[in-house]
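Undergrad: Sharing a model prediction with you, sequence too.
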Amino acid sequence: MKTSRRKFIENSLKATVITTIGSPVILNAAAILNSNSNMERTTSEMKKMSAIQFSQIALPYAYNALEPSIDSMTMDIHYNKHHAAYIKNVNDAIAAENISFTTEKDFFANASKLSAKAKNNGGGSWNHNFFWQVMAPSAGGAPTGKIAEALGGAFGSFDKFKEQFTQAAMTRFGSGWAWLVDEGGKLKIGSTPNQDNPMMDVSELKGTPLLGLDVWEHAYYLKYQNKRNEYVANWWSVVNWNEVAKRLG
Ligand SMILES: [Fe+2]
């Protein structure tokens, strides 16, 4: 009785061990058989999962908040049509072209290797997210604190900075952006064509954007028609110097 009971227990234990280790062995064998196709699929899926995706920030104020400098209808169309289209199009391009850059920095630093669709819409996505943030209602005027000191040090005075920035905005032929950038601790003013920005390797103007102004006609035509000078002059009333100062570092 004793011997047969022990045998029963031993056999039960063996069966349990075989059952327990049986499944993983079978799964591992299947994985090995399919290892090549699995690895390819996993690599491609990981690339897709970690590739950069652009998203549109929530507008930090109401469509009419920047009136009279920027009218409500222009803000609505600019944000919901133009900007939203850049976001959709760049994400479509990233998926369709299997673009694997994982950070904005790498994406723009390799702009010369991107398709026109990815570069233009990527720039449009980032530039507008930036633009909405460097504007605010009840803002503008002359800055104070460290940004005032930095502008004075780099350009002589705030008025001289304003004059040079306005000139950059006015002389950008066709569509583009005027920028104040920080290039290795040195403040510079310049402009870029289309949706290029100073983080792109293709841009002549290089640096970290501190302030940007959209001078595409879609940014002002409804209210100002061809009068870009009036749009630029009124835009100074909505510049969010607190945001510019934050980016100064
Ligand atoms: Fe725009």
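TA: Thanks, I have the structure now.
Undergrad: Let me see the ranges of the strands in this structure.
TA: 176-183, 186-193, 208-214 (DSSP state E).
Undergrad: From residue 247, how far out is the residue of the chain found nearest the ion?
TA: Here the residue of the chain nearest the ion is residue 214; by CB to the ion that distance is 4.2 Å. For glycine as for every other residue, the C-beta is placed from the backbone atoms N, C-alpha and C. Going from residue 214 to residue 247 by CB to CB, to the nearest Å gives 17 Å.
Undergrad: Residue 129 - how many residues pack around it?
TA: 17 (other CB atoms under 10 Å).
Undergrad: from memory the residue of the chain closest to the ion sits against residue 127, does it?
TA: Yes. Under the criterion of CB atoms under 8 Å, residue 214 makes contact with residue 127 at 7.1 Å.
Undergrad: what residues do these two have in common as contacts?
TA: Residues touching both residue 214 and residue 127 by CB atoms under 8 Å, 6 or more residues apart in numbering: residue 177.
Undergrad: will you turn the strands of the chain into a markdown table that also has distance to residue 69 and mean neighbour count?
TA: Below are these laid out as a markdown table (distance: least, CB to CB, whole Å; neighbours: other CB atoms under 10 Å):
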| stretch | distance to residue 69 | mean neighbour count |
| --- | --- | --- |
| strand 176-183 | 16 | 23 |
| strand 186-193 | 20 | 18 |
| strand 208-214 | 12 | 23 |
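Undergrad: what's the closest of those to residue 81?
TA: Smallest distance to residue 81 across the strands of the chain (CB to CB): 13.9 Å, for strand 208-214.
Undergrad: Just list what the closest one packs against, helices and strands only.
TA: helix 116-133, helix 158-171, strand 176-183, helix 241-248 (3 or more CB pairs under 8 Å, 6 or more residues apart in numbering; DSSP states H and E).
Undergrad: Restrict it to CA atoms and write it as CSV.
TA: This file holds the C-alpha atoms of strand 208-214, laid out as CSV (Å, rounded to 0.1, in the frame of the first residue of the first chain):
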residue,chain,number,x,y,z
THR,A,208,16.3,78.0,-30.6
PRO,A,209,13.2,80.0,-31.4
LEU,A,210,12.3,82.5,-28.7
LEU,A,211,9.6,84.4,-30.7
GLY,A,212,8.0,83.8,-34.1
LEU,A,213,5.6,85.7,-36.3
ASP,A,214,3.6,84.0,-39.1
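Undergrad: so what strands line up beside that strand?
TA: In the sheet, strand 208-214 lines up against strand 176-183 (antiparallel) (DSSP bridges).
Undergrad: quick check, the partner strand touching the ion?
TA: No. Strand 176-183 lies out of reach of the ion by CB under 5 Å from the ion, never closer than 8.6 Å.
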